[in-house]
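Sequence below, structure please.
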Amino acid sequence: MTSEAQMSATPRDANSTLTAEFTMQALVQDRYGSADVLRLERVPRPKVTDDEVLVRVRAAGVHIGDWHVMTGQPYLMRVMGFGLRAPKARIRGVDLAGTVQAVGKNVTRFHAGDDVYGTGAGAFAEHASAHVDTLASKPFNMTFEQAAAVPTSACTALQALRTGGIASGQQVLIIGASGGVGIFAVQIAKAFGAEVTGVCSTGKADLVRSIGADHVIDYTQEDFTQSDQRYDLILDTGGNRSLSQLRSVLTAKGTLVLVGGEGGGRWIGGAMGRSMRALMLSPFVSQQLRMIVAKATSGDLEFLTELIEAGKVAPVIDKTYPLSEAPAAIGYLAARHARGKVVITV
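Okay, the predicted model is just below:
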């Protein structure tokens, strides 16, 4: 006969198993603010729609957008749909790499057990949902940590270069070449056959050379806007130069692509204000002045996979943090200390 102790233990064990099966650890926030608004909490696992997959996250990449959503700045982003008083999405993180655990009924490209990378909803967690159109098979020659460093930054770099009409033989200037987007932009531009000049600080010049830049300008020692060199294409990821300064080093028919940029105040930020001015000016000058709003797509990820597996593109990872230390990871990146990408292991 079953003892009283055994009988009372059974439902508790069953409930514990059910809890573990349908919940997960995740980094959540319920109000905007600094890193102290983030906390690790057990929450329900996401449910996937017909066109989504459930990914068991193995690693998640950190990018500056995570800091913007955490703080709710610039305020314009709140009006644009991220949530007026608090973030609509409680779980932070977008870039991920992991293993498919379940698929929606319309998904045929992936199956349970497939290793994937891309973007999803709430990547700073043990599980995340992702639309099939934002995923690709993980490159065979990458770890999960390396793959998680790729999606948003590399897709942004690729889309910015394409927007600028990248072509073999061009003179290309990458401002912010040691940053998350810049590191990929240097490598992708080289893969297209361009001659690449990277702009960065003294401490990161060796890094930019190591990823293939033909020339490196240390902005603390040299003002590239005073040079006689002219560029066919400029990607500015830094946001610290005026449009007139950047145009002065473009060729007469050259293209400037603005890729983000920090500063500029709490309301609209530096990137949006300067980008709007560029778009208004562009029709009246011979040069092309453009901005991008990038998004990871499966097509671009598959293109990047080809470059990665061919050894032409690789992430540079500065630091990895466990999920429990994700707030510190976001803070480290926001302080601009990183030499390359920051990754969270799950």
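
CA only for contacts and neighbour counts going forward, please
OK.

quick one: residue 71 from residue 227, how far?
Distance, residue 71 to residue 227, using CA to CA, to the nearest Å: 38 Å.

Can you list the low-confidence ranges for this protein?
Low-confidence segments of the chain (pLDDT under 70): 1-20, 72-84, 86, 261-274.

Show me it divided up by domain.
Domains of the chain are assigned by automatic domain parsing as 19-150+315-345, 153-291.

of all those domains, which lies closest to residue 298?
domain 19-150+315-345 (4.9 Å; CA to CA).

I'd like to know which of the domains of the chain is closest to residue 304.
domain 153-291 (7.7 Å).

Quote the end-to-end distance of the closest one.
End-to-end span of domain 153-291 (CA to CA): 15 Å.

Also stretch 128-141?
Criterion CA to CA; first-to-last residue distance in stretch 128-141 is 23 Å.

Tell me the buried residues in that stretch?
Buried residues in stretch 128-141, counted by 16 or more other CA atoms under 10 Å: 128, 129, 130, 131, 132, 133, 134, 135, 136, 137, 138, 139.

can you pull the contacts of the fifth one?
I take that to be residue 132. Counting by CA atoms under 8 Å, 6 or more residues apart in numbering, residue 132 makes contact with 51, 52, 53, 107, 109, 298.

Could you export the helix or strand hosting residue 184 as CSV, CA atoms only?
Per DSSP states H and E: residue 184 is located in helix 180-191. The C-alpha trace of helix 180-191 is given here as CSV (Å, rounded to 0.1, in the frame of the first residue of the first chain):
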residue,chain,number,x,y,z
GLY,A,180,28.9,45.9,-34.2
VAL,A,181,27.7,47.0,-37.7
GLY,A,182,31.1,48.3,-38.8
ILE,A,183,33.0,45.1,-38.3
PHE,A,184,30.6,43.3,-40.7
ALA,A,185,30.5,46.2,-43.1
VAL,A,186,34.3,46.1,-43.5
GLN,A,187,34.3,42.4,-44.3
ILE,A,188,31.2,42.4,-46.6
ALA,A,189,32.5,45.4,-48.5
LYS,A,190,35.8,43.5,-49.0
ALA,A,191,33.8,40.5,-50.2
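
for the very next helix or strand once past that helix, packing partners?
On the C-terminal side of helix 180-191, the closest following helix or strand by DSSP H and E is strand 195-200. Applying 3 or more CA pairs under 8 Å, 6 or more residues apart in numbering; DSSP states H and E, one finds that strand 195-200 contacts strand 171-175, helix 180-191, strand 215-218.

what is the orientation angle of the first one with strand 195-200?
Going back to what we said before, that points to strand 171-175. 20 degrees (axes from the mean of the first three to the mean of the last three CA atoms, to 10 degrees).

Export strand 171-175 to PDB, keeping only CA atoms.
Extracted in PDB, the C-alpha atoms of strand 171-175 (Å, rounded to 0.1, in the frame of the first residue of the first chain):
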ATOM      1  CA  GLN A 171      36.600  53.400 -52.500                       C
ATOM      2  CA  VAL A 172      34.500  52.800 -49.400                       C
ATOM      3  CA  LEU A 173      34.700  54.500 -46.000                       C
ATOM      4  CA  ILE A 174      33.300  52.800 -42.900                       C
ATOM      5  CA  ILE A 175      32.900  55.200 -40.000                       C
END
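
Quick one: residues in contact with that strand.
Strand 171-175 is contacted by residues 182, 185-186, 189, 194-200, 230-238 when judged by CA under 8 Å, 6+ apart.

And for the longest one?
When contacts are taken as CA under 8 Å, 6+ apart, the neighbours of helix 180-191 outside the stretch itself are 63, 153-154, 156-158, 161, 166, 172, 174-177, 195-196, 198, 208, 211-213, 237, 307, 312-316, 340-341.
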